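Asker: Structure of the sequence below:
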Amino acid sequence: MKIGSICRRTVITIDSASPLTEAARLMRDSHVGSLVVTTSTPQGPRALGIVTDRDLTINVLSRGLDGAGVTIGDLASDAIASIAEESDLSTAIATMKSAGVRRLLVVNGEQVVSGMVSFDDLMAACAGIINGLADIIRLGAEREVREAAKQQAPQTPPVLLRIPAMGTAGWGTALA
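Answerer: Numbering: from 1, shown residues only. Just a heads-up that it's a prediction; the model follows:
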């Protein structure tokens, strides 16, 4: 499975000079937990890092920092890692592990950011693969049960039991 098939193609960016409140608003309005922090260059925007909702809570609120005096560029993690769209899951996992990050920017053949893949995206893809493997076992067992039932099919018509009413004597059988 290629990373390009599971990554999120919508990447929300924020300028490094933006206030923290702008980042929180963008995350809320876009329903995302991370933003790519950019700066303007003559060649266009360049990614400087990533800021997450966790960064906002852990690095700002827990330290009692004044959010008004901190910009996104001050807060963003510069531990930014990327992966090619054509890479596979195991490469993405190894890249996250070696970089110590939970998100990777996905780049196309021209090294332009084309998406983002998160730890959660990889977990969902791996869960899908494991579910597919479990289906193989389950479907195989169901096939075996069907085949065994065909081999043990009765050759004579079934015997129907007639249950006597209250107060009658004996049991009788009738053939169908």
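Asker: residue ranges for the helices of this structure, please.
Answerer: Applying DSSP state H to the chain gives helices spanning 20-30, 53-54, 72-75, 89-99, 119-151.
Asker: what pLDDT, on average, does the third one get?
Answerer: This means helix 72-75. For helix 72-75, mean pLDDT is 86.
Asker: which outside residues touch that helix?
Answerer: Under the contact criterion C-beta atoms under 8 Å, 6 or more residues apart in numbering, helix 72-75 has outside partners 14-20, 22-23, 35, 37, 39, 48-49, 51, 55-56, 59-60. Every residue, glycine included, has its C-beta placed from N, CA and C.
Asker: Equivalent analysis for the first one, please.
Answerer: With contacts defined as C-beta under 8 Å, 6+ apart, helix 20-30 is touched by 10, 12, 14, 32-35, 51, 53, 56, 60, 67, 70-72, 75.
Asker: hmm, 10 Å instead?
Answerer: The contact list for helix 20-30 (C-beta atoms under 10 Å, 6 or more residues apart in numbering) reads 10, 12-15, 18-19, 32-35, 37, 51-53, 55-57, 59-61, 65-72, 74-76.
Asker: With just CA atoms, put that helix into PDB.
Answerer: Presented in PDB, the C-alpha positions along helix 20-30 are these (Å, rounded to 0.1, in the frame of the first residue of the first chain):
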ATOM      1  CA  LEU A  20      -1.500  31.100  18.600                       C
ATOM      2  CA  THR A  21      -5.100  32.100  18.600                       C
ATOM      3  CA  GLU A  22      -5.100  32.000  14.800                       C
ATOM      4  CA  ALA A  23      -3.700  28.500  14.900                       C
ATOM      5  CA  ALA A  24      -6.300  27.300  17.300                       C
ATOM      6  CA  ARG A  25      -9.100  28.900  15.200                       C
ATOM      7  CA  LEU A  26      -7.700  27.200  12.000                       C
ATOM      8  CA  MET A  27      -7.500  23.800  13.700                       C
ATOM      9  CA  ARG A  28     -11.100  24.100  15.000                       C
ATOM     10  CA  ASP A  29     -12.500  25.400  11.800                       C
ATOM     11  CA  SER A  30     -10.700  22.900   9.600                       C
END
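Asker: now that helix, how far from the centre of its chain.
Answerer: Distance of helix 20-30 from its chain centroid, counting by C-alpha atoms, centre = their mean, to the nearest Å, is 22 Å.
Asker: May I see the buried residues of that helix?
Answerer: Going by neighbour count (16 or more other C-beta atoms under 10 Å), the buried part of helix 20-30 is 20, 23, 24, 26, 27.
Asker: Next, format the residues you listed as CSV and append pLDDT and distance to residue 92.
Answerer: Output for those, formatted as CSV (pLDDT from 0 to 100; distance: C-beta to C-beta, whole Å):
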residue, pLDDT, distance to residue 92
20, 90, 29
23, 92, 25
24, 90, 28
26, 95, 25
27, 94, 23
